[in-house]
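Colleague: 3D, please:
(one chain, ligands or ions: 3)
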Amino acid sequence: MILDLDIGNTLSKWRLKDADSSEIRSRGAVWTREEWRPGADIPDLDVVEAVRISSVARKAVLEETVGLLRRRVGTVHVARSTAEALGVTNGYEEPGRLGVDRWMGALAGYQLAGGCCAVDCGSAITVDFVLPGGRHLGGYILPGLRLMKESLKLGTRNVAIDPDSEAEELLEPGRRTVEAVNHGIYMAAVSAVNRIYSEVCDQQGVALPMMLTGGDARVVSRGIQVPHAVWPDMVYGGLEACFPLTAAERAGRMSGAPRVPSPVALEKIRAALAFSMLL
Ligand SMILES: Nc1ncnc2c1ncn2[C@@H]1O[C@H](COP(=O)(O)OP(=O)(O)O)[C@@H](O)[C@H]1O
Ligand SMILES: CC(C)(COP(=O)(O)O)[C@@H](O)C(=O)NCCC(=O)O
Ligand SMILES: [K+]
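Modeller: Numbering: from 1, shown residues only. Ligands and ions are numbered 1, 2, ... in the order given. Prediction:
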């Protein structure tokens, strides 16, 4: 079995992948701030022959995790943000400072679709762009839905947005504090992502396929106006592409990769942008 780990600021996600069949056998998540102790939520390391890790948690968390795993598992791959990988050149002035989850997402998006807009809706919402040809432009970081809500300190933090609510409802004026907050932060997130996408596609003269991942991807997706795909395993896709272990991975296939969304015509994006400026 292969154990893939995606350690974010809120949740540490894991999945077990069968090295022979390439099937995903199980998956789970634990709070990042809690210690990794063997238990119901932790995969059984006895069956694991290799681990791949993407981590943006504090250095100490990663070191502890890697230390624990190295004692039990033969192969441990830790992803790093580099200046270049898999045909993509990192847009950061200091490439190593780009969050490795963003780098994994950008690499996965590029491997799947060529140029892309990779959006990760987690603790933070990040939006990264890779042009056809592989130039990563850099990106945008804004607070995620939960962080935005907590920062208001209005006592609404425990009332999460129902992931099944329709965007139309979430965009209406709220008539109670919790609704006003939830609708406000939702509006902030989706209008930022829509606008960022249009601005960058306009500036670069290319309509890029958009892919969304992260704990809030499904609900944010409902408010995104352009065609896009939700790809829960996008960060894992980057790990598969960087450290291919199975036959399918060596052939460039990533588990759970969606169909590539066809972007709308650039003229349409530009017309919508111009129209929104008039309002
Ligand atoms: N069941 C859940 N538990 C925790 N967070 C959730 C859950 N469902 C959605 N979320 C949202 O997803 C975010 C965490 O998403 P995730 O992509 O795992 O973040 P990170 O990678 O930063 O740890 C939370 O901030 C919250 O807004
Ligand atoms: C921006 C992030 C906090 C997002 O992390 P997440 O919300 O996925 O936990 C992470 O990618 C990070 O720590 N990045 C380093 C700073 C940067 O990318 O510029
Ligand atoms: K993430």
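Colleague: Pull up the gap between residue 127 and ligand 1, please.
Modeller: 14 Å (CB to the nearest ligand atom, to the nearest Å). The C-beta positions use only the backbone N, C-alpha and C, and glycine is treated the same way.
Colleague: What's opposite that residue in the beta bridge?
Modeller: residue 119, residue 140 (DSSP bridges).
Colleague: Can you read off the pLDDT for it?
Modeller: The score at residue 127 is 99. That number is its pLDDT.
Colleague: residues from this protein in reach of ligand 2?
Modeller: Residues of the chain that fall close to ligand 2, judged by CB under 6 Å from any ligand atom: 8-9, 56, 97-99, 101-102, 120, 122-124, 126, 141, 144.
Colleague: my guess is residue 223 contacts residue 186, does it?
Modeller: Yes. Under the criterion of CB atoms under 8 Å, residue 223 makes contact with residue 186 at 6.6 Å.
Colleague: got any residues that touch both of these two?
Modeller: Between them, residue 223 and residue 186 share these contacting residues under CB atoms under 8 Å, 6 or more residues apart in numbering: 167, 170, 171.
Colleague: Check these for burial and list the buried ones.
Modeller: 167, 170 (16 or more other CB atoms under 10 Å).
Colleague: Make JSON lines out of the shared contacts of residue 223 and residue 186 and add secondary structure.
Modeller: Below are those laid out as JSON lines (DSSP: H, G, I helix; E, B strand; the rest coil):
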{"residue": "167", "secondary structure": "helix"}
{"residue": "170", "secondary structure": "helix"}
{"residue": "171", "secondary structure": "coil"}
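Colleague: Enumerate every residue touching the nearest residue to residue 95 once chain neighbours are set aside.
Modeller: Closest residue to residue 95 apart from its sequence neighbours, by CB to CB, 6 or more residues apart in numbering: residue 83 at 4.3 Å. Counting by CB under 8 Å, 6+ apart, residue 83 makes contact with 89, 90, 95.
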